[in-house]
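**Student:** build the 3D model from these lines:
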Amino acid sequence: MLRKRLIASVLVILILLFCAGCSRKGEVLPQNNPQSKIPNQEVEIENGKKEQFVPWEASHWERINDGSITAFAIDPKDSNIIYAAIYPRQEVDQSGKVQVIGNAKTTLWKSEDGGNHWSILISLKNLRYGPPTIDGIYIDPECSRKIWISEHGAGLLFSPDDGITWKKDIQKDEKDIFRMYNNSFNNKDLPVVYMYRIPEVNSDIGALFSSLDSEKTWKRTTLPPLTGVASNVAPNHLAVDRKNPNIVYAFGINGLFKRVEGKGNYEYYPVEDSVNTSYIYIDPQNPNLLYVVSYSYQTYNSFTTFKSSDCGKTWEKMGDFYFNPLYPNLLIKVVTTKKTPPVLKKLYVSLDNGKNWKLTDLDLNENNLYNISMGVKGIIYAETYKGLFKSEDKGLHWFQIPNFKKNYWGSISAHSCFNSRILVDYNNPNIIYWASGLSKSTDGGKTWQEINIQHSKRVHGSAVTIDPHNHNIVYLGVTGINDVEPLSYEEFTTQGIYKSIDGGKTWEKIGLTGYSVSAIAVSPVTGIIYAGTYYDGLFKSKDSGKTWERIPLDGDFHISISSLTTDSKNGIVYIGVFGGGIFKIEDKS
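**Tutor:** Next up is the predicted model:
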């Protein structure tokens, strides 16, 4: 009898010791934020009770880690505890190769206060070919002191004590751990479901959408898009705090972002459910009236126009066509008649504001439409895969402008296909700048002279604008395409912004070397030059391009700019971004 009691006592002690090893003292419940008045569904909190889930009315992204995040996890017991795996930063050397900076190592970081403070748990030894990649972090949901990390095919590391000590785990299957890691991102059982919508194929820029009715309908959140967070190759880059599903973490090569309640220190407005902001137009009669044209060249060349009557705060859809308020009766539409290869498309125009449509003779079959630019007196330019076309009768009939750069168009970079790259000098409509072709015409497009800027098949012009104070001063953006392989060092450093003070005869690079310039605007009031880039945000120069400074729009330093427009009457600069929506900043020196 005594022996049985001793055995029972030992078992009780062992159970208590085990439970003590898998628990934490002082766990803190997440703060609920019931400021919104939009009740939805119930969410279970840690004490087992049910509370109504209340979506936040306003929120913004906060960048809580600026490393290249390859894996992320939230402690299932305490959502204030988060883990992030960081891969070392890389740069392009003079040979054009992408190299890790210095002797940096892959590290696993931990925060116990939701990302405010971080500490390193482990640094991994570099392998013969470079730093390893942590592609999975799995936390035991029953005992969250137990942590596994996957080294992308190199095996598993295991910690039984919150990451204090680590050892190789050869018993568990790395594929099983990686599968459970991916499953940890499943949030479909929560009262709100999130999705990152990516506008273009092979893009890593997207916007956050949410659904409150089990994915029946989706609505875009008011958050700005992020770059490098998710792609169709790696969709599991969103983690939701299960204790407070309003909190979302987004991570990728540009850092770790946390959704926080309240407005940020930036002014951003989504344009309904649009995921591209290709053109921004201000009504010439009413500066409070804006138009945005969303364009996707990979989704069958589709146009959609939106309208705002309050300087961009709210938007309504006008229709699936291209619209420019300078020509209010002219609409342009691409109709796809066959979506399976070979895709068949036709270009239509309306000269009476959409009452009647006429088929044009511009052949778009197996031919992507890149860009539409308006000239004067009904002249329209269209950039396509097969070259530059011109219409002199408001788009009904087209003829091709001779292209002296054969086989050039297949190398046009996708991220420079959205802004106007054909620029007509309205003081002299015979002067036309063609950024993509790095060319200029002085006779209305009949003949062209090549702009003397070093370029290659993978480096081309991407944006052009004329100084409103002096039409002999022209600014040109140059970008490169590295979809197949990295640019050479020479190609990489050719990128930037160039200036001509003699009407395009001679050019000088004035800055942003190595940056892929995607949009340029010069303020007619302050004279400030604004330059948007693909992947590196917005810059401005107050001294005609001698020096440049970055304009922080939000926490994402790598936000990609698709269009720029200045409002001289209201003193506003409108910034369209890839992923959709617009930022607004004051145009002041």
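**Student:** surely Tyr385 and Asn367 touch.
**Tutor:** Yes: using CB atoms under 8 Å, Tyr385 is in contact with Asn367, at 5.0 Å. Glycine gets a C-beta too; all of them are placed from N, C-alpha and C.
**Student:** the more surrounded of those two?
**Tutor:** Asn367 (17 against 14; other CB atoms under 10 Å).
**Student:** pLDDT weak spots in the stretch 301-450 of the chain?
**Tutor:** 301, 366, 403-420 (pLDDT under 70).
**Student:** break down it into its strands, ranges please.
**Tutor:** 302-308, 316-319, 322-323, 331-338, 344-350, 358-359, 369-374, 380-384, 387-391, 399-401, 422-424, 432-434, 439-441, 449-450 (DSSP state E, counting those that start in this stretch).
**Student:** give me the distance between the residue lying closest to Ile529 once chain neighbours are set aside and Gln285.
**Tutor:** Once flanking residues are discounted, Ile529 sits nearest to Ser541: 4.5 Å by CB to CB, 6 or more residues apart in numbering. Distance from Ser541 to Gln285, counting by CB to CB, to the nearest Å: 31 Å.
**Student:** which one of these two is surrounded by more residues?
**Tutor:** Ser541 (21 against 8).
**Student:** now stretch 323-335: buried residues?
**Tutor:** By neighbour count on 16 or more other CB atoms under 10 Å, the buried set for stretch 323-335 is Phe323, Asn324, Leu330, Leu331, Ile332, Lys333, Val334, Val335.
**Student:** out of those residues, who's nearest Ala435?
**Tutor:** For the buried residues of stretch 323-335, the minimum distance to Ala435 (CB to CB) is 18.5 Å, reached by Asn324.
**Student:** distance check, that closest one against Asn470.
**Tutor:** Distance from Asn324 to Asn470, by CB to CB: 25 Å.
**Student:** likewise Asp554?
**Tutor:** 34 Å.
**Student:** more crowded one of the two?
**Tutor:** A side-by-side neighbour count of Asp554 and Asn470, using other CB under 10 Å, places Asp554 first with 23 against 11.
**Student:** which strand or helix spans the more buried one?
**Tutor:** Using DSSP states H and E, Asp554 falls within no helix or strand.
**Student:** pLDDT score assigned to it?
**Tutor:** Looking at Asp554, its pLDDT is 80.
**Student:** could you do Phe53 as well?
**Tutor:** So Phe53 comes in at 86 (pLDDT).
**Student:** residues near it, how many?
**Tutor:** Count around Phe53 with other CB under 10 Å applied: 20.
**Student:** same deal with Ser568?
**Tutor:** 14.
**Student:** list the contacts of it.
**Tutor:** Ser523, Pro524, Val525, Asp587 (CB atoms under 8 Å, 6 or more residues apart in numbering).
**Student:** recalculate using a threshold of 6 Å.
**Tutor:** Contacts for Ser568 (CB atoms under 6 Å, 6 or more residues apart in numbering) come out as Pro524, Val525.
**Student:** then Gly571?
**Tutor:** With CB under 6 Å, 6+ apart, Gly571 has these contacts: Asp587.
**Student:** distance from stretch 111-125 to the middle of the chain?
**Tutor:** 26 Å (CA atoms, centre = their mean, to the nearest Å).
**Student:** give me every residue that touches Gly503.
**Tutor:** Asn472.
**Student:** apply 7 Å and report the result again.
**Tutor:** Asn472, Val474 (CB atoms under 7 Å, 6 or more residues apart in numbering).
**Student:** for it, give me phi and psi.
**Tutor:** For Gly503, the backbone dihedrals (degrees, to the nearest 10) come out as phi 70, psi 30.
**Student:** from Val577, how far out is it?
**Tutor:** 32 Å.
**Student:** and if you look at Pro245?
**Tutor:** Counting by CB to CB, the gap from Pro245 to Val577 is 26 Å.
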